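# only the shape, not the letters, is given here:
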Ligand code: SF4
């Protein structure tokens, strides 16, 4: 993995411009709570199993921040940009798409009006309105697009896929799925995965999470296309930084074992109801402090869910409500003290 800024080198993209329909509120690949893993849910379980439970099993609502909604708009603009003829893919055209994409998103999710400071918007689900901030917010989205143009020249690219849902069932029975922002391909069959990030480049402490996501996509593509991506590229638009990663087969095999071990840990937690809270730096962004034991709260009863046989190696079971037991994780490549696999 390398950090470059700002620089575009390597593969020239060619291919047929196809696009998966964009869900305006897409932030996560659709998944069954205990049948599949996305990069985000896997990362949730590794950082805090209880947070995973709240999100993947309880499916408790969370607030959308203005930054997250802005990220959705910017992703939509970057997808639409490639609908235009190559010569028209300019920063000005991209900036012109911000307003229409925002309104398209708003039409699909009116509760997001709060982000624009509309006091008539529904009060739940979104952080408190900040009146009069819409122009500034839209300008900040255009700044992110400016950051993109410092990294790539979209006039030279013809993505093979955009907002592309990838999915694979591993030999263990675990389904992996996720959305790839852009897939570039060459006539020789090589391909490159591109992911846009609207936050800042992560510090060393969070670099592992970005690497985890890239390996996840690389593994799915390798297993579905029989070819390891030539490159995985993260574009941090906020500070015009590119993070590139070239996976190899041995690494991806090890990563697959890690995911299988992680899945067994999820299955065991589901079977026993033991989703432990792990207090840490991410708590400050967690919407569930009021129901978290680490913060004096009490989790709601665990909904009944089926533990999948294939990945767990356990007898199929319905998770008991409120049962808490200590469960050891066997044969995990890297584990924390409570048995949760970790990213290395
Ligand atoms: S507040 Fe912290 S410890 Fe509690 S569920 Fe959220 S991330 Fe986990």
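Looks like it arrived, so ask away. Treat the numbers as computed from the prediction; the structure is a model and nothing was measured.
# for the stretch 51-200 of the chain, what spans make up the helices?
Under the criterion DSSP state H, counting those that start in this stretch, helices of the stretch 51-200 of the chain are mapped to 66-81, 91-108, 134-151.
# tell me which of those helices sits nearest to the ligand.
helix 66-81 (16.7 Å; CB to the nearest ligand atom). Any C-beta I mention is one placed from the backbone N, CA and C, and that applies to glycine too.
# how far out from the middle of the chain is that closest one?
14 Å (CA atoms, centre = their mean, to the nearest Å).
# before we move on, what about stretch 149-163?
20 Å.
# so the one helix or strand residue 235 maps to versus helix 66-81, what angle?
Using DSSP states H and E, residue 235 sits in strand 231-236. With axes from the mean of the first three to the mean of the last three CA atoms, to 10 degrees defining the directions, strand 231-236 sits at 130 degrees from helix 66-81.
# so what are the sheet partners of strand 231-236 and their directions?
Strand 231-236 has its sheet partners listed here by DSSP bridges as strand 191-197 (parallel), strand 241-245 (antiparallel).
# quick check: next helix or strand after the helix or strand bottoming out on mean pLDDT in the chain?
Lowest on mean pLDDT, DSSP states H and E among the helices and strands of the chain sits strand 2-4, with a mean of 38. Counting by DSSP H and E, the element after strand 2-4 in chain order, helix or strand, is strand 36-37.
# mind checking the pLDDT average for that following strand?
On average, the pLDDT along strand 36-37 is 86.
# and residue 283, how many neighbours?
17 (other CB atoms under 10 Å).
# tell me who's in contact with it.
48, 289, 292, 294, 295 (CB atoms under 8 Å, 6 or more residues apart in numbering).
# any idea how far the first one is from residue 228?
Pointing back at residue 48 there. Separation of residue 48 from residue 228 (CB to CB, to the nearest Å): 31 Å.
# and what of the second one?
For residue 289, the distance to residue 228 (CB to CB) stands at 41 Å.
# these two: who's more crowded?
residue 228 (19 against 13).
# now that one: phi and psi?
phi -80, psi 130 (degrees, to the nearest 10).
# hmm, residue 251 and it touching each other?
No - the criterion here is CB atoms under 8 Å, and residue 228 misses it with residue 251 at 9.4 Å.
# mutual contacts of the two, please.
Joint contacts of residue 228 and residue 251 (CB under 8 Å, 6+ apart) do not exist.
# residue in the stretch 51-200 of the chain nearest to the ligand?
Residue of the stretch 51-200 of the chain nearest the ligand, by CB to the nearest ligand atom: residue 51 (4.2 Å).
# how close does residue 172 get to residue 256?
Separation of residue 172 from residue 256 (CB to CB): 8 Å.
# whoops, I mixed them up, residue 36
Distance, residue 36 to residue 256, using CB to CB: 15 Å.
# before we move on, what about residue 109?
Distance from residue 109 to residue 256, by CB to CB: 36 Å.
# kindly report the same for residue 43.
The spacing between residue 43 and residue 256, counted by CB to CB, is 16 Å.
# go on, residue 168?
Taking CB to CB as the criterion, residue 168 is separated from residue 256 by 10 Å.
# remind me, longest helix of the chain?
Looking across the chain with DSSP state H, the single longest helix is helix 249-272.
# can you pull out the low-pLDDT segments for the stretch 101-250 of the chain?
Scanning the stretch 101-250 of the chain for pLDDT under 70 picks out the ranges 114-132, 203-207.
# ok, now with 90
106, 109-138, 171-173, 186-189, 199-214, 243-245 (pLDDT under 90).
# so residue 278 makes contact with residue 44?
No - the criterion here is CB under 8 Å, and residue 278 misses it with residue 44 at 10.6 Å.
# what's the local residue count around the closest residue to residue 94 other than its chain neighbours?
Of all residues not flanking residue 94 in the chain, residue 145 sits nearest, at 4.6 Å (CB to CB, 6 or more residues apart in numbering). Residue 145 has 22 neighbouring residues, counting by other CB under 10 Å.
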